[in-house]
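S.K.: model this:
(one chain, ligands or ions: 1)
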Amino acid sequence: MSFSAKNRSEYIQTLKTEQFDLVVIGGGITGAGIALDAATRGLKVALVEKQDFAFGTSSRSTKLIHGGLRYLKQLEFGIVHEVGRERAILYKNAPHIVIPEKMLLPIIKGGSLGKRSTSLGLYVYDKLAGVNRKERRFMLDKSKTLAVEPLLNESILRGGGMYVEYRSDDARLTIEVMKTAVANGALCLNYIECTDFRLDEKNKISGIAVVDKLKNEEFIIQTKKVINAAGPWVDNLRKIDLSLKGKRLHLTKGVHIVIPHKRMPISHATYFDVADGRMVFAIPRDNIVYLGTTDTNYKEDTNFPYAEKEDVQYILDAANNMFPSLKLTMKDVISTWAGLRPLIHEDGKSPSDLSRKDEIFISESNLISIAGGKLTGFRKMAQRSVDVVCNQLKKEDGRLFQPCSTEFIQLSGGNLEGKSIEEYARNLQTQYKDFDLDKVTALVKKYGSNTKEILEITESKTNNDLLLGEAIYSMNEEMTYNIADFFIRRTGRVYFERNSLEPIIEKSHQFFKEQLYYDSETALQFREDFNKEYEGVVQFKS
Ligand code: FAD
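M.R.: Numbers count the residues shown, from 1 in each chain. As a prediction, this is how the structure comes out:
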């Protein structure tokens, strides 16, 4: 069955009637990775997500597949080694959304790193993370650093280091992993919330109670094992399971702001010092630059964290200190996003000092919860948690499963035939001459080798309207129900192209409504949900 929003009722019927080996709760990158790992080992797996896939932290990160430089500062050598290796695997399996990018590290007077320590730090990082020869760090003196990035603050600059980070798109990575899981037999469904657990006679979980949020209908999914991959909501489910004891989550909020590239015409991604000892990123992406992040304790509504005025001001002040000629103000900010880090609490540690390591908790009822971690390390997190499930099933039922093989699985869209994104797009455009090369390239950056399908749909069904072609593909192949799914998680347009969105919002809403036969109440709800997020990204201005 394809991963189409039009097949929802058949999917729900299967969830109601069949028993699964494993149900995963949470459709962020952690849950998607687990679904893929489990499906490819031969488990019968379902995944439920209470909102849309990547609705939580997995659409609100800095969108980097890190080599883990910041962990070096915290002396977490094991993490640096693991994420460095993971980065290389992801680049191989999803080259359309994991893109190497040179990162400039300016060294400033009174900054957290001196010339020697930066050089040594980047050297150790290259070694530990297994960075390939072509991408190893090099150091620059002050004049060369300024030649590379003339907008830097000359009065405090002492030099710079250049190293390679990998830029990604967190929500697209999540959906590509999810699509690959579905192609391997997983049943993944959004807008299904887990509200309770069902226990067998030995008081072990044997099912979960869920609500289909589009129909407000409750039902039970029968399963042998459950993994709680609910990110910032992991403890809510542990509470329902009556197992919220000992270690707990510690949520911290991180904000990013988006500025037009013409107001911040930097040529390199830059990772720079802030006066309080933290560091922030400025990352150019097409016509914008995004900057972040903050790191503050968070105890409010987990569903809709927003950037506050002071978060935005903090990032603007940091940018104006490093790039003083820009004189950026709140007026320059076209959009923002805020995400919650689901970290594990450690007494007495500040938000930035908390470890980013992941941990697995297994409760008496056998709820397997996985918390902490990073986007970058999702594949190993999945491997560790599916290992737990396979070991249990082996002990209980004598069943044997394949070992983890996700290292060798190309993700959906990842088949660029060994070409760069630009080469692949040029090649494709020669077959679809009606479309501009820049538009085809923009699609390849999101959908990789699946772009061909979008162009085909566009030609055959929409009279060459690319937006509609993209929407149809999204509905049919990415389980997209509404304009919030489409404009926020599948395409990032609310964050990166907010200024040009207004004229196409209503047309797109009507299109989804007609295609998916919403009733008027559902249509209104979806429109309101979209407006809430669309306005939320500029809420700090009010
Ligand atoms: P989420 O993405 O939050 O997914 C959990 C999902 O569970 C949600 O979609 C939620 O709706 C669903 N859910 C919750 N309760 C239920 C329920 N009862 N029933 C069904 N579904 C439920 N990592 C990197 O590697 N690189 C970075 O550059 C980076 N930058 C970051 C910047 C910021 C500001 C933040 C906050 C994090 C950053 N991270 C980064 C970390 C990374 O984003 C997270 O570790 C990762 O996205 C967490 O994914 P997750 O799937 O565990 O959680």
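
S.K.: which bits of the stretch 301-450 of the chain sit near the ligand?
M.R.: G339, L340, R341, P342, G373, K374, L375, T376 (Cβ under 6 Å from any ligand atom). The C-beta positions use only the backbone N, C-alpha and C, and glycine is treated the same way.

S.K.: pick the one among the residues you listed closest to D200.
M.R.: The closest of those to D200 turns out to be P342 (Cβ to Cβ; 29.0 Å).

S.K.: residues near the closest one, how many?
M.R.: 26 (other Cβ atoms under 10 Å).

S.K.: who does it bridge with?
M.R.: L251 (DSSP bridges).

S.K.: now whichever residue of the stretch 401-542 of the chain sits closest to the ligand: how far from E135?
M.R.: Proximity of the stretch 401-542 of the chain to the ligand (Cβ to the nearest ligand atom) peaks at R489, 9.6 Å away. Distance of R489 to E135, given as Cβ to Cβ, to the nearest Å: 30 Å.

S.K.: again with D170
M.R.: 22 Å.

S.K.: ok, the two, which is more surrounded?
M.R.: D170 (24 against 16).

S.K.: contacts only, for that one.
M.R.: D170 sits next to I29, A54, S58, S59, R60, S61, K63, L375 when contact means Cβ atoms under 8 Å, 6 or more residues apart in numbering.

S.K.: and the second one, how many neighbours?
M.R.: Neighbouring residues of A54 were enumerated by other Cβ under 10 Å; the total is 30.

S.K.: try P351
M.R.: P351, neighbours per other Cβ under 10 Å, totals 18.

S.K.: dihedrals phi and psi, I99?
M.R.: When read as degrees, to the nearest 10, the backbone of I99 gives phi -120, psi 120.

S.K.: ok, now T480?
M.R.: phi -100, psi 120.

S.K.: check I283 too.
M.R.: phi -130, psi 110.

S.K.: next one: L291
M.R.: Here L291 shows phi and psi, under degrees, to the nearest 10, equal to phi -130, psi 140.

S.K.: that one against A319, yeah?
M.R.: Yes: contact criterion Cβ atoms under 8 Å: L291 and A319 qualify, at 5.8 Å.

S.K.: hey, what's in contact with both of the two?
M.R.: V280, A282.

S.K.: pLDDT weak spots in the chain?
M.R.: Where the chain drops to pLDDT under 70, the residues are 1, 67, 70, 73.

S.K.: count of neighbours near the residue of the stretch 401-542 of the chain closest to the ligand?
M.R.: R489 has 26 nearby residues by other Cβ under 10 Å.

S.K.: for it, grab phi and psi.
M.R.: phi -80, psi -40.

S.K.: ok, K374 next?
M.R.: According to degrees, to the nearest 10, K374 has phi -140, psi 160.

S.K.: A helix includes F304, no?
M.R.: No: with DSSP: H, G, I helix; E, B strand; the rest coil as the criterion, F304 is coil rather than part of a helix.

S.K.: return the subset of the contacts of D170 lying in strands.
M.R.: Among those, none falls in strands (DSSP state E).

S.K.: what helix or strand is K513 on?
M.R.: Under the criterion of DSSP states H and E, K513 resides in helix 502-516.

S.K.: next secondary structure after that helix?
M.R.: Criterion used, DSSP H and E; the element after helix 502-516 is helix 520-536.

S.K.: just give me the neighbour total for the residue in the stretch 51-200 of the chain that the ligand sits nearest to.
M.R.: The shortest separation between the stretch 51-200 of the chain and the ligand is 2.3 Å, found at G56 (distances taken as Cβ to the nearest ligand atom). Residues lying near G56 (other Cβ under 10 Å) number 28.

S.K.: up against the ligand, what does this protein have?
M.R.: So far as Cβ under 6 Å from any ligand atom goes, the chain lies against the ligand at 25-31, 48-51, 55-58, 60-64, 66, 193-194, 229-233, 237, 254, 293, 339-342, 373-376.

S.K.: part of a strand, is G161?
M.R.: Yes: counting by three-state DSSP, G161 is found in a strand.

S.K.: that one touches D141, doesn't it?
M.R.: No: between G161 and D141 there is no contact under Cβ under 8 Å: 11.1 Å.

S.K.: need the contact list for the residue of the stretch 401-542 of the chain closest to the ligand.
M.R.: D52, F53, A54, F55, S59, A171, T174, I175.

S.K.: so how far is A307 from the residue most central in space within the chain?
M.R.: Nearest to the geometric centre of the chain sits D170, at 2.4 Å (Cα atoms, centre = their mean). For D170, the distance to A307 (Cβ to Cβ) stands at 17 Å.

S.K.: how many neighbours does the residue lying closest to T302 once chain neighbours are set aside have?
M.R.: Nearest residue to T302 in three dimensions, chain neighbours excluded: P232, at 5.1 Å (Cβ to Cβ, 6 or more residues apart in numbering). Neighbour count for P232, taken as other Cβ under 10 Å: 24.

S.K.: in a strand, P232, correct?
M.R.: No: under the criterion used here (three-state DSSP), P232 is helix, not part of a strand.

S.K.: and it, what does it touch?
M.R.: So P232 contacts G56, T57, L249, L251, T302, L340, R341, P342 (Cβ under 8 Å, 6+ apart).

S.K.: let's see 6 Å
M.R.: L251, T302, L340, P342 (Cβ atoms under 6 Å, 6 or more residues apart in numbering).

S.K.: ok, which pair from the residues you listed is furthest apart?
M.R.: T302 and P342 (9.6 Å).

S.K.: which outside residues touch stretch 315-330?
M.R.: With Cβ under 6 Å, 6+ apart, stretch 315-330 has contacts from L151, N153, I257, M264, F272, V274, V280, L291.

S.K.: of those, which is the nearest to the ligand?
M.R.: V280 (10.7 Å).

S.K.: what is the burial count for the closest one?
M.R.: V280 has 21 nearby residues by other Cβ under 10 Å.

S.K.: and it, which of the three is it?
M.R.: V280 is classified as strand under three-state DSSP.

S.K.: that one bridge partners, please.
M.R.: F272.

S.K.: report the backbone C-alpha coordinates of whichever strand or helix holds R426 in CSV.
M.R.: Using DSSP H and E, R426 sits within helix 421-431. Provided in CSV are the C-alpha atoms of helix 421-431 (Å, rounded to 0.1, in the frame of the first residue of the first chain):
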residue,chain,number,x,y,z
ILE,A,421,22.3,17.7,-6.7
GLU,A,422,23.1,20.2,-9.4
GLU,A,423,24.2,17.6,-12.0
TYR,A,424,21.2,15.4,-11.2
ALA,A,425,18.8,18.4,-11.6
ARG,A,426,20.4,19.4,-14.9
ASN,A,427,20.1,15.9,-16.2
LEU,A,428,16.4,15.7,-15.2
GLN,A,429,15.6,19.1,-16.7
THR,A,430,16.8,17.9,-20.1
GLN,A,431,13.9,15.3,-19.9
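
S.K.: how close does R493 get to F281?
M.R.: 21 Å.

S.K.: how many other residues sit next to K513?
M.R.: 18.

S.K.: how about it: what's its closest non-neighbour residue?
M.R.: A523 (4.9 Å).

S.K.: now for the one you found, how many residues are close by?
M.R.: 18.

S.K.: what of the one 5 residues further on?
M.R.: With neighbours defined by other Cβ under 10 Å, the count for E528 comes to 10.

S.K.: measure H250 to N93 for me?
M.R.: 32 Å.

S.K.: then S369 would be within a strand, right?
M.R.: Yes: counting by three-state DSSP, S369 is found in a strand.

S.K.: burial measure for V148, as a count.
M.R.: Counted with other Cβ under 10 Å, V148 comes out at 18.

S.K.: and S508, by the same measure?
M.R.: By the criterion of other Cβ under 10 Å, S508 has 20 neighbours.

S.K.: which residues does the closest residue to it other than its chain neighbours contact?
M.R.: Leaving aside its chain neighbours, S508 sits nearest to I483 (5.2 Å; criterion: Cβ to Cβ, 6+ apart). Residues near I483 by Cβ under 6 Å, 6+ apart: S508, H509, F530.
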